[in-house]
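*Asks:* below are the sequence and a predicted model; questions follow.
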Protein chains: 2
Amino acid sequence: MDIREYVFGLCDKAKEAGAVLGYALTDEKNEALRKIAEALRAEKEYILTENRADIDGAEANGVPKTMRDRLLLTADRIEGIAAATEKVALLPDPCGEGEVNVRPNGLKISAMKVPLGVIGIIYEARPNVTADAAALCLKSGNAAVLKGGKEAINTNRAIMKVMKGALTGTSFGPEVIQLIDSTEREATKVLMNAVGKIDVLIPRGGKGLINAVVSEAKVPVIETGAGNCHIYIDESADLEKALRVAVNAKVSRPSVCNAVETMLVNEKAAEKFLPMYAGAVKEYGVEIRGCERTRSILSEVKAVTEEDYATEFNDYIIAVKVVKDIGEAIKHIKKYTTGHSEAIMTESLENARRFCREIDAAAVYVNASTRFTDGGEFGMGAEIGISTQKLHARGPMGLRQLTTVKYIVEGDGQIR
Amino acid sequence: MDIREYVFGLCDKAKEAGAVLGYALTDEKNEALRKIAEALRAEKEYILTENRADIDGAEANGVPKTMRDRLLLTADRIEGIAAATEKVALLPDPCGEGEVNVRPNGLKISAMKVPLGVIGIIYEARPNVTADAAALCLKSGNAAVLKGGKEAINTNRAIMKVMKGALTGTSFGPEVIQLIDSTEREATKVLMNAVGKIDVLIPRGGKGLINAVVSEAKVPVIETGAGNCHIYIDESADLEKALRVAVNAKVSRPSVCNAVETMLVNEKAAEKFLPMYAGAVKEYGVEIRGCERTRSILSEVKAVTEEDYATEFNDYIIAVKVVKDIGEAIKHIKKYTTGHSEAIMTESLENARRFCREIDAAAVYVNASTRFTDGGEFGMGAEIGISTQKLHARGPMGLRQLTTVKYIVEGDGQIR
């Protein structure tokens, strides 16, 4: 079968079923999510068997260990996926939220939140995303067309089969979730260019994947993820507090987008703070790459390059630069920020205000770790990604960010 | 000078000044808008002289009369533009609005509305848009890069000069508004592809302009305008009310996007309603193009084509189709809608609910004219356009739709 026809066919089926899902009752959607969780638990052995096939394939193809670990499912991990699906059922449904406003002429205008329609999601070989993304789309009333990494194809197919089975008999039916069951690169291309077939495309994964989608897609994209995050240690910072936060922002999970990649230190604090920092991160094996002034304080540190400043290491590496003042710190951040999360450690109200005002990022922190940029930590219950663009959604995207507005205007014969 | 370098240069200047405008006080912005209004009035003669040059040029080049009328300024029209600018000063400033939420760990998260940054606007030869768009961008804290129709170049240059003069001495300065002073088509292309230089591009004008921008632009676009709007006269409709609304929706201003282009009439109402409608629109010279059943009732009516159903006439023309029931009406609308405004005339609560639920459009009307889809009528005070897309903004876009969110996270050393 022609790949274009195949992908478009899935999108069309998703759209048709999605139109019904769009006005399904919250109770129906929650019930469907609980059925999915139940089915995932009941079909655990089947899913594990299919996952074994993917793992064996990955080993045979020399897929690196870290990637194989993300691909691997265990009984515990499947339980985790099922529990996460149940948790989505407990979240408030954004659809139907809204503001109502009666105009002077008596027109009643309700600005209702409604689903976007059909959401395409392109992701890497992480089978948990298959269930996770499907659950968030379903709860927000959106049909989903999923395209996962080729290494996970057997697992994804199994999870989708189990989920679709659980949706049989609901008012909207199993076609609201679709998996592009193909490992061809062409399938991804078709999805990125399915103008009019999908309402938005969300890439979820590393920088390479996201850049490819942003540059190639003709459908609307919500850019997620890239985080070249900074922390600035101000002259006035409480250095103990600054140390705790700066270390946490680097080492608590270096592989994620909200980890800090560059630390800027005020020259008046550097002499005292840098040895404290170097001492604290030593046990984590963090490699420090420093500017000239950093190296004059920390003699064993490697020289930082311009390229380092622009790099999201996602690793136990940090670039360090000593700056004259907050102005130089802001200037540096403006040059290298990806607009994700930026932090200042300061006890000066004036500097805190200036930093918040002048830094243009999804999340700007005063005296807290950038690691909090996360849907769960922000109180959204769950997230489908972190947007680094300004249109539509910025920062963590929860269920509400998967909706648009529909104005329902009720009158009694009003004319203009 | 190289056109690319020139346009990018304007964008860069706009971005730099816009960063300051982004956190200007509302009072400062309002004062600037009042100064602009004052300057437009004071420099009326100069603007009229430059406009005369454009009008003469348009006549010499055989520009059609309707287009020349939109290009023409008079003392009254300039007063209208100045008054509109003052009105923008009275609107609430969306920047700084937001929700605050203290998390269980004490982190205070403020979701603040902030400007998008630099907004590009491409429009036709309507000089009022130059002042209008600049005022809305300024009030919402955004820098603006404007590209108007080539026939209005002298007028636009004059208006921009006067506005910039009024901004001299403000904290953010005159560079927050920029006019691309070029009649080259290439300048538009450069703006559409100024990735990283502008944050969003809004085309304002006819279908041709919008389609060109949507298909060619690499920067994020908010699609505006196209409105193939329908009105469905249900079996249960109050026919007097339906007549009043259906006539208004067609004839009150046929050239605009919220005017109705196709009327669907339930077969049980058709025999009575169609002659009423034909009689009422006769005095406006409306041409009816009908389906077979319409023509069996209204004998002098021309046959409608499939193409007519897909056409936004923007004229005194209406396509009419008799339908079996609401289901057929919804099916027809789903096939031809541009997602702008759709109306039902009914006294049946069930049918009203079904129509609102199943029709996917920015505005869905029950017993009121589609002509109300407008920022002013919706209570937004002003609008920069009407979005027919689902991402970011849908329906009339006021000041609030020109903002994004910035999360300000304040802590006291919290780590994760």
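*Replies:* Structure's in. What do you need? Everything quoted here is computed from the prediction, not taken from an experiment.
*Asks:* do you know the pLDDT at residue A:316?
*Replies:* What the model reports for residue A:316 is a pLDDT of 96.
*Asks:* that one reaches residue A:288, doesn't it?
*Replies:* No. Using Cβ atoms under 8 Å, residue A:316 makes no contact with residue A:288, being 10.1 Å away. C-beta here means a position set from N, CA and C on the backbone, and glycine is covered the same way.
*Asks:* who has more neighbours, these two?
*Replies:* Using other Cβ atoms under 10 Å in any protein chain shown, the more surrounded residue of residue A:316 and residue A:288 is residue A:288, with 22 against 15.
*Asks:* tell me the contacts of the more buried one?
*Replies:* The neighbours of residue A:288, taking Cβ atoms under 8 Å, 6 or more residues apart in numbering or on different chains as the test, are A:278, A:281, A:294, A:298, A:301, A:302, A:318, A:320.
*Asks:* quick check: it is in a helix.
*Replies:* No. Counting by DSSP: H, G, I helix; E, B strand; the rest coil, residue A:288 is not part of a helix but strand.
*Asks:* what bridges to it?
*Replies:* Bridge pairing for residue A:288 (DSSP bridges) gives the partners residue A:318.
*Asks:* now it: how far from residue A:277?
*Replies:* 8 Å (Cβ to Cβ, to the nearest Å).
*Asks:* how about residue A:123?
*Replies:* To residue A:277, residue A:123 is 35 Å away according to Cβ to Cβ.
*Asks:* on that earlier part again, give me the common contacts of residue A:288 and residue A:277.
*Replies:* Joint contacts of residue A:288 and residue A:277 (Cβ under 8 Å, 6+ apart) are residue A:320.
*Asks:* quick one, phi psi at residue A:234?
*Replies:* Taking degrees, to the nearest 10, you get phi -80, psi 160 for the backbone angles of residue A:234.
*Asks:* quick one on the thing from earlier: tell me the one of the contacts of residue A:288 nearest chain B?
*Replies:* residue A:281 (13.8 Å; Cβ to the nearest Cβ).
*Asks:* the closest residue to the closest one other than its chain neighbours: neighbour count?
*Replies:* With sequence-adjacent residues excluded and distances taken as Cβ to Cβ, 6 or more residues apart in numbering or on different chains, residue A:281 is closest to residue A:247, at 5.9 Å. Residue A:247 sits with 21 neighbouring residues when counted by other Cβ under 10 Å.
*Asks:* ok now stretch A:17-34, how far from the chain's centre?
*Replies:* When distances are taken as Cα atoms, centre = their mean, to the nearest Å, stretch A:17-34 is centred 24 Å away from the chain's centroid.
*Asks:* wait, I meant stretch A:90-98
*Replies:* From the chain centre to the centre of stretch A:90-98 is a distance of 20 Å (Cα atoms, centre = their mean).
*Asks:* what's the longest strand in chain A?
*Replies:* Longest strand in chain A by number of residues (criterion: DSSP state E): strand A:403-414.
*Asks:* ok, residues contacting it?
*Replies:* A:94-95, A:98, A:105-116, A:140-141, B:238, B:241, B:244-245, B:352, B:356, B:360-369, B:372-373, B:378, B:390-391, B:394-395.
*Asks:* please pick the buried ones from those.
*Replies:* A:94-95, A:98, A:107, A:109-116, A:140-141, B:238, B:241, B:244-245, B:352, B:356, B:360-369, B:372-373, B:378, B:390-391, B:394-395 (16 or more other Cβ atoms under 10 Å in any protein chain shown).
*Asks:* next step: these restricted to helices.
*Replies:* B:241, B:244, B:245, B:352, B:356 (DSSP state H).
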